[in-house]
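Visitor: below: sequence and its predicted model.
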Amino acid sequence: MPDQTRPFLVPYVVWHPKFAAGKDLANALLEHFRRKLYENVAGGTGLSVMFRSEPAPGSSVPLAINLEDAYTTAIVVFVESSLAADPDWVKYVQGLSAQTQAAGLKALLFPVAIDEKGLSIGLDEQALRWNLWTGTDEELRQRLISKLTYEFCRMLRHYLEHIKRPDEEVDELERFLQRVQIFLSHSKHDDDGERIAKLIRDRLNADGNLATFFDVLDIPAGLRFQQVLLKQVRQSAVVAIHTDSYSSREWCRREIIEAKRWNVPLVVANCITNQDERAFPYLGNVPIVRMDPQLANRIDVIIARLLDEVLKDFLWRCRVQLVGTGDPAIVFVPRQPELVSLTALPSQTVAPKPTIVYPDPPLSGEEQQLFADLAPQVQLKSMTEWLAGVDK
């Protein structure tokens with residue numbers, strides 16, 4: 001039986017104490033991955049980001065890293081001139097590299113090349129090239145967070161497949177490199193929808209790493225593609241490009257309903273220019289990113305938010321895989337339930353009194369009352385509430 005208290009993923013951040021910007025960069029990662037966005041699906045305080053910078057007592061380098069403390073471990077190392085000039089630290093980082101390589105894909109080292117001298121320690125092939133990126137400090141930090149987020153997604157997806165099918169013989173690397181599909185849901189009936197969809201697609205394809213992680217799906221038009229479209233939505237992460245005509249288009253509405261029914265990661269890009277005559281109700285209960293449709297200058301923010309949703313989804317699925325009972329009356333959903341969640345419930349004959357379990361915190365009183373009025377047979381419990389009942 002897997003240990004349910006063992007973290008699914010622990011990121012470590014390693015930097016030389018003479019690297020002045022190291023602490024600020026490490027804190028940016030800490031603040032991102034420990035915020036409530038991840039706490040609610042992973043439990044506890046989100047992802048436990050650990051630091052390795054200060055030397056251990058009686059040593060010139062930090063404590064060792066135990067890869068057995070978590071199911072998967074990511075080690076982020078800021079490699080730069082101070083580290084490269086310190087033989088003890090070079091040996092320490094090279095030891096971490098050998099340690100992760102021996103562990104296979106459950107532990108990975110991610111060197112971040114802050115300058116050219118950082119590449120001299122022999123990790124240049126796998127390094128993220130911070131030294132070649134351009135932009136403000138905030139933009140560089142966001143780019144680093146996004147790149148690490150999708151690498152963490154890969155690690156968790158690999159781990160999830162392993163615990164679901166532990167005895168299945170597969171090509172581990174091939175499974176690790178499989179892409180996450182993105183479905184760009186948009187209207188072709190205004191000036192902005194298709195243009196913004198192409199801009200997002202081009203941005204993803206222009207980034208070599210993102211292009212190898214995401215498989216961007218074009219949306220063909222015409223009812224003859226009905227089965228293909230709905231099938232793709234069910235297995236993709238979805239960006240809904242909400243322009244003025246979006247809610248009026250049948251296929252846009254159907255794509256959103258399908259995404260909600262199958263609980264896939266979903267982000268709404270709010271690109272309204274003038275007005276939406278009838279706001280589509282199922283566009284709620286998910287992250288919404290505002291973007292001026294003419295400037296289209298927040299595409300990186302949209303992509304970053306989608307990456308967060310994909311990582312959240314993998315964290316939730318890992319958690320469910322470990323605590324799930326196999327009872328058809330217990331239905332786990334990755335976000336706070338809404339009325340469309342009722343469509344995922346088994347039939348009354350299979351489960352007369354089903355329970356929907358969802359990430360913390362518990363629903364507000366007015367939302368719970370609405371469910372009680374419309375579906376009194378359904379129990380709603382946050383994961384903490386449900387686990388407390390299971391443990392009794």
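Guide: Sure, I can see it.

Visitor: tell me how many other residues crowd the nearest residue to H32 once chain neighbours are set aside.
Guide: When the adjacent residues along the chain are set aside, H32 lies closest to I145, with 5.2 Å between them (C-beta to C-beta, 6 or more residues apart in numbering). The way it works is simple: take the backbone N, C-alpha and C, and place the C-beta from them, glycine included. Burial measure for I145: 18 neighbouring residues, criterion other C-beta atoms under 10 Å.

Visitor: how much space separates I145 from E194?
Guide: Computed with C-beta to C-beta, to the nearest Å, the distance linking I145 and E194 is 29 Å.

Visitor: V14 now?
Guide: From V14 across to E194, the span is 45 Å (C-beta to C-beta).

Visitor: with A84 instead?
Guide: According to C-beta to C-beta, A84 stands 48 Å off from E194.

Visitor: list the buried residues for the top helix by length along the chain?
Guide: Residue-count comparison of every helix in the chain, with assignments taken from DSSP state H, identifies helix 137-164 as the longest. Within helix 137-164, the residues that qualify as buried by neighbour count (16 or more other C-beta atoms under 10 Å) are 141-162.

Visitor: near A269, how many other residues are there?
Guide: A269, neighbours per other C-beta under 10 Å, totals 28.

Visitor: which residues touch the residue most central in space within the chain?
Guide: In the chain, the C-alpha nearest the mean C-alpha coordinate belongs to L311, at 1.7 Å (C-alpha atoms, centre = their mean). Residues touching L311, when contacts are defined by C-beta atoms under 8 Å, 6 or more residues apart in numbering, comprise 38, 149-150, 152-153, 156.

Visitor: and this protein, what are its domain boundaries?
Guide: For the chain, the structural domains run 9-164, 179-320, 325-391, going by automatic domain parsing.

Visitor: how near is the residue nearest to E277 when sequence neighbours are not counted to R278?
Guide: Leaving aside its sequence neighbours, E277 sits nearest to S248 (C-beta to C-beta, 6+ apart; 6.8 Å). Plainly put, S248 is 7 Å away from R278 if you go by C-beta to C-beta.

Visitor: which of the two has more neighbours?
Guide: More neighbours sit around S248 than around the other of S248 and R278, counting by other C-beta under 10 Å; the figures are 15 against 7.

Visitor: so that one touches H242, yeah?
Guide: No - when contacts are counted by C-beta atoms under 8 Å, S248 is not listed as touching H242 (11.5 Å).

Visitor: any idea where the strands of this protein begin and end?
Guide: 9-14, 50-52, 72-79, 107-113, 180-185, 214-217, 237-242, 266-270, 288-290, 330-332, 355-358, 379-382 (DSSP state E).

Visitor: so for L29, which of those strands sits nearest?
Guide: strand 9-14 (5.7 Å; C-beta to C-beta).

Visitor: other SSEs contacting the closest one?
Guide: Using 3 or more C-beta pairs under 8 Å, 6 or more residues apart in numbering; DSSP states H and E as the contact criterion, the elements in contact with strand 9-14 are helix 22-33, strand 50-52, strand 72-79, helix 137-164.

Visitor: no further queries at this time; thank you.
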